[in-house]
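S.K.: pasting the structure only:
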């Protein structure tokens with residue numbers, strides 16, 4: 001289960017060192033970690049995910065779980081892994097035995113900008129920017145397993161946090177659409193304060 005999340009949630013080392021100045025150049029006091037988002041779009045309407053960080057299984061409501069064809073109960077992640085990954089929860093597709101994991105990638109403290117930095121360094125085997133329910137996102141993973149039914153989409157909650165939805169053993173023709181549908185439902189939950 002951890003590997004489903006760790007691909008998209010591998011923390012990326014910090015940004016470039018601060019810019020140095022000479023006497024002829026006006027000094028700057030901002031760091032590249034704050035200003036350089038590596039092309040990542042800003043999250044225009046930040047969402048509060050505090051509840052989900054405490055209990056990631058609240059990412060989907062019971063009606064959403066049912067509507068998405070998932071089964072209850074959700075399977076919470078092992079809390080001992082949260083320091084390395086972040087809180088996560090998994091659901092199984094009732095018809096096809098497909099696992100879906102929603103993970104909040106707290107080690108990446110610059111939200112989607114950390115993923116965009118990874119793209120610049122060649123970390124991702126596939127990279128497709130998208131939007132999910134009006135929020136910036138990207139399909140990406142360190143290994144391209146989409147033909148085996150594994151797909152990951154990451155969505156910016158705010159400029160410091162993103163969550164990822166990953167499928168395991170899905171239908172290769174549907175896995176990416178399914179993770180995007182689940183991610184959209186998570187955004188709806190967060191918008192509703194749930």
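M.R.: Great, that's in hand. Nothing here was measured: the structure is a model prediction, and the numbers come from that model.
S.K.: Which elements pack onto the longest helix seen in the chain?
M.R.: When the chain is parsed with DSSP state H, its longest helix is helix 175-191. Packed against helix 175-191 by the contact rule (3 or more Cβ pairs under 8 Å, 6 or more residues apart in numbering; DSSP states H and E) you find helix 62-67, strand 99-104, strand 126-132, strand 135-141, strand 152-158, strand 161-168. For the C-beta atoms, the positions are set from N, CA and C on the backbone; glycine is no exception.
S.K.: Can you tell me which of those is most buried?
M.R.: Compared across these, strand 161-168 shows the largest average neighbour count, a mean of 28 (mean count of other Cβ atoms under 10 Å).
S.K.: what packs against it?
M.R.: Helices and strands touching strand 161-168, by 3+ Cβ pairs under 8 Å, 6+ apart, are helix 2-9, strand 99-104, strand 152-158, helix 175-191.
S.K.: So what are the sheet partners of that strand and their directions?
M.R.: Strand 161-168 sits in its sheet next to strand 99-104 (antiparallel), strand 152-158 (antiparallel), going by DSSP bridges.
S.K.: Redo those strands as TSV? Include mean pLDDT and distance to residue 129.
M.R.: Shown next, in TSV, are the strands paired with strand 161-168 (pLDDT from 0 to 100; distance: least, Cβ to Cβ, whole Å):
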stretch	mean pLDDT	distance to residue 129
strand 99-104	96	19
strand 152-158	97	10
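S.K.: Pipe those into JSON lines and attach distance to residue 57 per row.
M.R.: Output for the strands paired with strand 161-168, formatted as JSON lines (distance: least, Cβ to Cβ, whole Å):
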{"stretch": "strand 99-104", "distance to residue 57": "9"}
{"stretch": "strand 152-158", "distance to residue 57": "17"}
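S.K.: Would you mind listing the outside residues contacting stretch 132-144?
M.R.: 7-8, 10, 40-43, 45, 47, 112, 115-116, 118-119, 123-131, 150-157, 166, 176, 180, 183-184, 187-188, 191 (Cβ atoms under 8 Å, 6 or more residues apart in numbering).
S.K.: pLDDT on it, on average?
M.R.: Across stretch 132-144, pLDDT averages out at 97.
S.K.: quick one: that stretch to chain centroid distance?
M.R.: Its chain's C-alpha centre and that of stretch 132-144 lie 7 Å apart, by Cα atoms, centre = their mean, to the nearest Å.
S.K.: Excluding chain neighbours, give the residue nearest to residue 43 in space.
M.R.: The shortest distance from residue 43 to any non-neighbouring residue, by Cβ to Cβ, 6 or more residues apart in numbering, is to residue 156 (4.5 Å).
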